[in-house]
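J.: Turn this into a model:
(one chain, ligands or ions: 1)
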Amino acid sequence: MTTIGFIGLGNMGAPMSANLVKAGHRVIGFDLSRAHLDAAAGQGVATAATAADAVREADAVVTMLPAGKPVLSVWGDALKHVRPGALMIDSSTIDVESARQAHALAREAGMPSLDAPVSGGVGGATAGTLTFMCGGSPEAFAKAKPLLEIMGKKVVHCGEAGAGQAAKICNNMILGISMIGVSEAFVLAEKLGLSPQALFDVASTSSGQCWSLTTYCPVPGPVPTSPANNGYAPGFAAALMLKDLRLSQDAAGLAGAATPLGAHAAKIYEAFEAAGFGAKDFSGVIEFLRAGLK
Ligand code: NAD
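T.: Next comes the predicted model:
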């Protein structure tokens, strides 16, 4: 049995920590939200009054937080209280620069560390089928893998510090762009008198085939499990897609990479959120495009 300090028990952290408990580990959790702490306690997570208390006896620490700032502040605090050699894992989606700073803090304190963001959403977190994309030393990765395999079904070592976050934002930039592309095609098809099902039947077996079309189709009907069939309830909220697109654009700016479609996709999701749809699934952007707003 491993003792794990788990900080950030929100939509993702709650089911992820519950899966660690189910696998027989001792999980000590902390969250700023009392309601989230109480919900985690109901899933067998021992709760702590502070982040320091959550990590004091931990062999490994997992953070699942909204952004780079809280990750750096929690790691800064936790690293003063963890046992020597404890493994630090951050599974939040944050900017590559902050991820590298978090690794540097761990290195200074002599602790192995990994950035290990996930894809798969709340459904994947609950089912224990997340994909983890990891950055850090091969030794830290080898140590973390058995724990990550409890919460996910695919665990990939992408490279050194920050490589996991780089993989995550590159993947989600593809996703944001492709969802807009697929949505535009359905809007054009409607105007041309082509049925959504006909476009789906052709494009899903042609060169337009992609995940945004075949797994997450933005019109109701062709893929019954997609959020389009459920009033665009998330799923993956547009506000989170915007967050990831902004991270990709910050990274592109710093690295000097040209990503004009990524930049345009970020603008479209910015307008979608500003119009009040940030809590809708990101595939709901089709309704926005249909209305001619971009
Ligand atoms: P969430 O807002 O539901 O949970 C974040 C939790 O962190 C909250 O409970 C909040 O109270 C807590 N928190 C914030 N600052 C804290 C601090 N300083 N100390 C302790 N607790 C603190 O968010 P989520 O949906 O669980 O997402 C978490 C991370 O996972 C984000 O980085 C997000 O981008 C990423 N992610 C989310 C999804 C998804 O579908 N929800 C999918 C992949 C990745």
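
J.: Would you mind listing what in the stretch 51-200 of the chain touches the ligand?
T.: 51, 64-66, 70, 73-74, 92-93, 118-119, 121-122 (Cβ under 6 Å from any ligand atom). Heads up, the C-betas are built off the backbone N, CA and C, glycines and all.

J.: Inside helices: which ones of the residues you listed?
T.: 51, 70, 73, 74, 121, 122 (DSSP state H).

J.: Now a ChimeraX select for only the buried ones of these.
T.: Listed next is the ChimeraX selection for buried residues among those, using 16 or more other Cβ atoms under 10 Å:
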select :51,70,74,121,122
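
J.: Turn the ones in helices among the residues of the stretch 51-200 of the chain next to the ligand into a markdown table, including pLDDT.
T.: Below are those laid out as a markdown table (pLDDT from 0 to 100):
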| residue | pLDDT |
| --- | --- |
| 51 | 97 |
| 70 | 98 |
| 73 | 98 |
| 74 | 98 |
| 121 | 85 |
| 122 | 86 |
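
J.: Now flag whichever of the ones in helices among the residues of the stretch 51-200 of the chain next to the ligand is closest to residue 227.
T.: Nearest to residue 227 out of those is residue 121 (Cβ to Cβ; 10.6 Å).

J.: so what's the closest residue to that closest one other than its chain neighbours up against?
T.: Leaving aside its sequence neighbours, residue 121 sits nearest to residue 236 (Cβ to Cβ, 6 or more residues apart in numbering; 5.5 Å). Each residue near residue 236 by Cβ atoms under 8 Å, 6 or more residues apart in numbering is listed here: 121, 281, 282.

J.: Give the single residue among the residues you listed positioned nearest to the ligand.
T.: residue 121 (3.8 Å; Cβ to the nearest ligand atom).

J.: Please tell me how far that closest one sits from residue 155.
T.: Per Cβ to Cβ, to the nearest Å, residue 121 is found 17 Å from residue 155.

J.: Neighbours of residue 192, how many?
T.: Neighbourhood size, residue 192 [other Cβ atoms under 10 Å]: 8.

J.: next one: the one 3 residues further on
T.: Here the count is done by other Cβ under 10 Å, and residue 195 has 12 residues near it.

J.: OK, contacts around residue 33?
T.: Neighbours of residue 33 in contact, by Cβ under 8 Å, 6+ apart: 9, 10.

J.: which stretches of this structure have low pLDDT?
T.: Regions of the chain meeting the criterion pLDDT under 70 cover residues 294.

J.: Tell me where it has strands.
T.: Here the chain has its strands, by DSSP state E, at 3-7, 26-30, 46-47, 60-63, 87-90, 113-115, 118-119, 130-136, 152-159.

J.: Distance to residue 108 added to the residues of the stretch 51-200 of the chain next to the ligand, as TSV?
T.: Formatted as TSV, these follow (distance: Cβ to Cβ, whole Å):
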residue	distance to residue 108
51	18
64	23
65	20
66	24
70	19
73	16
74	16
92	20
93	24
118	26
119	30
121	34
122	34
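
J.: tell me which of those residues is nearest to residue 28?
T.: Nearest to residue 28 among those, with distances taken as Cβ to Cβ, is residue 51, at 10.3 Å.

J.: surely that closest one meets residue 30?
T.: Yes: using Cβ atoms under 8 Å, residue 51 makes contact with residue 30 at a distance of 5.0 Å.

J.: intersection of neighbour lists for these two?
T.: Listed as contacting both residue 51 and residue 30 by Cβ under 8 Å, 6+ apart are 5, 7.

J.: Find the residue closest to the residue in the stretch 1-150 of the chain that the ligand sits nearest to in space, skipping its chain neighbours.
T.: Going by Cβ to the nearest ligand atom, the ligand is nearest to residue 10 of the stretch 1-150 of the chain, at 1.8 Å. Closest residue to residue 10 apart from its sequence neighbours, by Cβ to Cβ, 6+ apart: residue 36 at 6.0 Å.
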